[in-house]
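Trainee: Here's my sequence, what's the structure:
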Amino acid sequence: MACATQNFKILQGETFQKVLRWESPPIVYKVITAATQTAPVSLTVASHGMPDGWRCAITNVGGMEELNAKYSPPRNSDYHKGTVIDPSTIELNDVNAAGYTPYTSGGVLQYNTPVDLTGFTGEMDIRASASSTTVLHTLTTGNGGIVLDLVNYTITLFISAVDTAAFTWTQAVYDLEMTDGGGVVTRLLSGNITVSKEVSKV
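Mentor: Next up, the predicted model:
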């Protein structure tokens, strides 16, 4: 799996918290049997198995075609963050379907398979540059900087307000590496970090 690039901005003196979701092949396809003309739209998808907050796209809906992805296969812009209401219902909070054409039939909900985080540990080092030997800050599953949710398949990055208040640097780079129970290391993310200096001191 290729390492993705994502840049972060930290507000000095404020808690930094970022929730990540690690997607992998294969794509999961689930049949839609109903869609409501409401804001937000509610989809009936029996035994969808999708974790709360996961990205999903919609194709092949009859009637309410406004829901369908614009591209085939769907692109990033076609995906929505899904809210799980129950095992057969998903809500798309960013979709107002009140004025859409009534749903008639069919449709497919698709999402990428969540990576099972059982047995994983994580480490994220922040340095002034990739070649720097000085670590500015480290997040790990051991020090509470990386929290793995095995139920919702999320990876949460966390830096306390006390720690961000102490940052004297403004630009840095990072990478996030995940190690499974067998010792296999995956560099999941890398990018730049910018610290916005605090003006008001509590």
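Trainee: Tell me the helices and strands packed up against the helix or strand bottoming out on mean pLDDT in the chain.
Mentor: Using mean pLDDT, DSSP states H and E, the weakest-scoring helix or strand in the chain turns out to be strand 4-5, at a mean of 94. With contacts taken as 3 or more Cβ pairs under 8 Å, 6 or more residues apart in numbering; DSSP states H and E, strand 4-5 sits against strand 185-196. For glycine as for every other residue, the C-beta is placed from the backbone atoms N, C-alpha and C.
Trainee: Quick one: mean pLDDT for the strand it packs on?
Mentor: Averaged across strand 185-196, the pLDDT comes to 97.
Trainee: again with stretch 63-81
Mentor: 97.
Trainee: And the contacts of it?
Mentor: 35, 37, 41, 53-61, 92-95, 97, 100-105, 107, 110 (Cβ atoms under 8 Å, 6 or more residues apart in numbering).
Trainee: Counting only strands, which of these make the cut?
Mentor: Using DSSP state E, 35, 41, 55, 56, 57, 58, 59, 92, 110 are the members of the contacts of stretch 63-81 that sit in strands.
Trainee: Any idea what the fourth one is bridged to?
Mentor: With DSSP bridges as the criterion, the beta-bridge partners of residue 56 are residue 80.
Trainee: pLDDT score assigned to it?
Mentor: 98.
Trainee: Now do the contacts for it.
Mentor: Per Cβ under 8 Å, 6+ apart, neighbours of residue 56: 50, 79, 80, 82, 90, 92, 109, 110, 111.
Trainee: run the last query once more with 7 Å
Mentor: Neighbouring residues of residue 56 by Cβ atoms under 7 Å, 6 or more residues apart in numbering: 50, 79, 80, 82, 109, 110, 111.
Trainee: repeat for the last one
Mentor: Residue 110 makes contacts with 27, 28, 29, 56, 57, 59, as judged by Cβ under 7 Å, 6+ apart.
Trainee: got the domain boundaries for the chain?
Mentor: Residue ranges for the domains of the chain, per automatic domain parsing: 4-22+116-196, 23-114.
Trainee: In this protein, where is pLDDT below threshold?
Mentor: Across the chain, the ranges flagged by pLDDT under 70 are 1, 200-202.
Trainee: Can you say which helix or strand has residue 164 in it?
Mentor: helix 161-165 (DSSP states H and E).
Trainee: Please indicate which of the contacts of stretch 63-81 are buried?
Mentor: By neighbour count, with 16 or more other Cβ atoms under 10 Å, those hold 35, 41, 54-61, 92, 95, 97, 100, 103, 107, 110 as buried.
Trainee: Including distance to residue 12, could the contacts of residue 110 go into TSV?
Mentor: Shown next, in TSV, are these (distance: Cβ to Cβ, whole Å):
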residue	distance to residue 12
27	40
28	40
29	45
56	35
57	37
59	44
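Trainee: Quick check: the residue nearest to residue 4 when sequence neighbours are not counted vs residue 20, distance?
Mentor: Distances taken as Cβ to Cβ, 6 or more residues apart in numbering put residue 189 closest to residue 4, at 5.4 Å, once the chain neighbours are dropped. Going from residue 189 to residue 20 by Cβ to Cβ, to the nearest Å gives 7 Å.
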